[in-house]
Each structure stands twice: as C-alpha cells, then as structure tokens.
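>>> only geometry, no sequence info:
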Ligand SMILES: NC(=O)c1ccc[n+]([C@@H]2O[C@H](COP(=O)([O-])OP(=O)(O)OC[C@H]3O[C@@H](n4cnc5c(N)ncnc54)[C@H](OP(=O)(O)O)[C@@H]3O)[C@@H](O)[C@H]2O)c1
C-alpha cells in the first residue's frame with residue numbers, strides 16, 4: 001500500500017490517481033480526516049480500485065511506502081511528528097522548495113541541509129528517503145485521459161530503496177525512472193522544478209523532462 005501525506009493537494013492526489021490506475025492500493029493522508037475522505041472519494045470516481053483515507057498518522061501507519069507531497073514549508077513539522085512511525089519505512093519525497101517573487105516568477109529556495117530531500121533524511125534517520133517525482137506536473141497527473149511522458153530522476157543513499165522506486169515509476173505508463181545516484185543530487189532535481197514552472201508560464205504549458213543518452 002502507498003500512502004500520500006498531503007494527498008489532498010494536486011501533486012499527491014495526482015500521483016495517487018496514477019498508482020490507483022495501475023492497480024496499487026493507495027491511502028490519502030491529510031491533517032484533516034474529512035478532507036482526506038473527500039479526496040479518496042473523488043479518486044474512486046476517476047479510477048475504480050482501492051483508495052482509502054485517514055489523517056496523516058493513520059496514513060503513515062497503514063502503508064510501507066510513504067509519499068511526502070506537502071509544501072516545503074510544512075515538511076519539517078510533519079516529518080518530526082511522524083518520525084517514529086516512519087522508522088524502517090521507505091519515504092518518497094516529491095517536495096521542491098520554491099517561492100514566487102513578483103516580477104521574477106518562481107525562485108528556488110536555499111535549504112540549509114542541501115535539499116528538501118536531505119533535510120527529510122536527516123529528520124528521518126531511521127527511514128530510507130528517496131527523492132523522486134519533483135519534475136512531474138500535477139496538472140497532467142490529475143487528468144486520467146492524459147498520457148504521461150517523461151523521465152523521473154530517482155535519488156537516494158539507499159540503493160535498494162532507489163531500485164524499488166525506479167520499479168514503481170514504471171507502473172505509470174510511459175514514465176521512466178532514471179537512477180540519479182546519491183541523495184546529494186536531489187538538490188539539482190528540486191531546482192529544476194523551479195525552471196519548469198517558469199518555462200510553463202512562458203510557454204503556457206505543462207513541461208516535464210526527458211534525458212537522452214541514458
Ligand atoms: N503541483 C505540482 O505540479 C508539483 C509538481 C512537482 C512537485 N510538487 C511538489 O509537491 C508538493 C505538493 O505540491 P502541491 O501543489 O500538491 O501542494 P499544495 O496543494 O500546496 O499542498 C498539498 C497538501 O499539503 C498539505 N499542506 C499544506 N500546507 C501544509 C503544512 N504547512 N503542513 C502540512 N501539510 C500541509 C495540504 O493538505 P491538508 O490540508 O489536507 O493536510 C495540501 O492539500 C510540493 O512540495 C511541491 O513542490 C508539486
């Protein structure tokens with residue numbers, strides 16, 4: 001079972017939708033159990049399958065693979081509270097720290113630990129943190145009629161966990177997981193999301209990435 005903390009937002013809900021479409025059991029986690037229930041019900045309308053809901057504690061307890069899809073600003077408190085429950089589990093973070101500045105558009109935020117993913121791993125010292133899906137458009141994920149296409153860079157200091165997530169990526173048709181090596185590389189992937197957001201504004205589109213030569 002896959003849990004999505006922040007699964008009421010477009011990125012978490014979109015990923016949950018795509019994995020539900022692939023036959024995976026998903027659980028939507030929210031700070032508010034009612035919001036989670038509404039999100040799970042709307043998923044069931046889009047993809048008949050298995051989608052349940054709970055507050056973030058229930059979702060974290062229910063699954064062995066936990067996706068973190070909350071804004072960067074909310075990550076630390078959320079993960080510090082859940083750290084004991086997430087011990088021994090695989091935690092996938094799609095968090096891309098950015099803010100919006102008038103006249104400049106999206107701007108990547110500096111993170112003391114190097115990246116949101118490294119910060120998550122430092123908080124969750126007993127978990128296997130994998131950075132992935134930061135470059136995947138929520139707008140595209142949320143429309144089941146849209147075929148996803150692109151590469152998903154997967155970074156982690158835990159080799160087996162990295163391989164497991166590369167396998168998960170392949171459950172979404174036409175997406176490819178690319179081994180991005182150590183978690184220290186996650187900062188570049190997170191910052192790339194900021195570039196994609198600005199490209200989207202210029203070209204009025206939902207861009208993603210494809211790496212050639214691999
Ligand atoms: N949107 C995209 O296209 C996209 C693409 C790639 C990566 N990402 C990354 O994915 C993450 C989620 O993006 P999103 O657009 O789905 O974000 P969002 O809609 O702003 O937030 C997602 C969910 O996070 C929870 N949340 C909000 N503030 C929180 C806080 N302070 N503490 C704990 N939980 C909080 C909320 O759920 P509840 O109120 O129900 O708890 C919310 O529905 C972000 O880190 C973003 O950088 C987004």
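Received it, and whenever you're ready, just let me know what you need. Computed from a predicted model, the values in this text were never measured in an experiment. Residues are numbered from 1 along each chain as shown.
>>> need the next SSE after the helix or strand hosting residue 165, C-terminal direction.
Assigned by DSSP states H and E, residue 165 belongs to helix 159-169. For helix 159-169, the following helix or strand on the C-terminal side (DSSP H and E) is strand 175-179.
>>> residues in contact with that next one?
132, 136, 148-154, 162, 165-170, 211, 214 (Cβ atoms under 8 Å, 6 or more residues apart in numbering). (Glycine included, C-beta is placed from N, CA and C.)
>>> which of the residues you listed are buried?
Buried by 16 or more other Cβ atoms under 10 Å: 132, 136, 148, 150-154, 162, 165-166, 168-169, out of the contacts of strand 175-179.
>>> In this protein, what residue spans correspond to strands?
In the chain, the strands defined using DSSP state E lie at 2-5, 26-30, 51-55, 65-68, 90-93, 98-101, 105-108, 128-131, 150-156, 175-179.
>>> Does anything pack onto the fifth one? Which helices or strands?
If I follow you right, that is strand 90-93. strand 65-68, helix 116-123, strand 128-131, helix 159-169 (3 or more Cβ pairs under 8 Å, 6 or more residues apart in numbering; DSSP states H and E).
>>> Next one: the third one, is it in contact with the ligand?
Just to be clear, that refers to strand 128-131. No - on the criterion Cβ under 6 Å from any ligand atom, strand 128-131 is out of touch with the ligand, staying 10.9 Å away.
>>> show me which of the buried ones among the contacts of strand 175-179 neighbour the ligand.
residue 136.
>>> now for the protein, which residue lies nearest the mean position of the chain?
Nearest residue to the geometric centre of the chain (Cα atoms, centre = their mean): residue 94, 3.1 Å.
>>> from memory it sits against residue 133, does it?
Yes - under the criterion of Cβ atoms under 8 Å, residue 94 makes contact with residue 133 at 4.1 Å.
>>> joint contacts of those two?
11, 15, 67.
>>> quick one on the thing from earlier: tilt between the helix holding residue 165 and strand 150-156?
160 degrees (axes from the mean of the first three to the mean of the last three Cα atoms, to 10 degrees).
>>> coming back round to it: could you redo the helices and strands packed on strand 90-93 as JSON lines and give each row distance to residue 198 and mean pLDDT?
Shown next, in JSON lines, are the helices and strands packed on strand 90-93 (distance: least, Cβ to Cβ, whole Å; pLDDT from 0 to 100):
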{"stretch": "strand 65-68", "distance to residue 198": "24", "mean pLDDT": "98"}
{"stretch": "helix 116-123", "distance to residue 198": "19", "mean pLDDT": "98"}
{"stretch": "strand 128-131", "distance to residue 198": "21", "mean pLDDT": "98"}
{"stretch": "helix 159-169", "distance to residue 198": "25", "mean pLDDT": "98"}
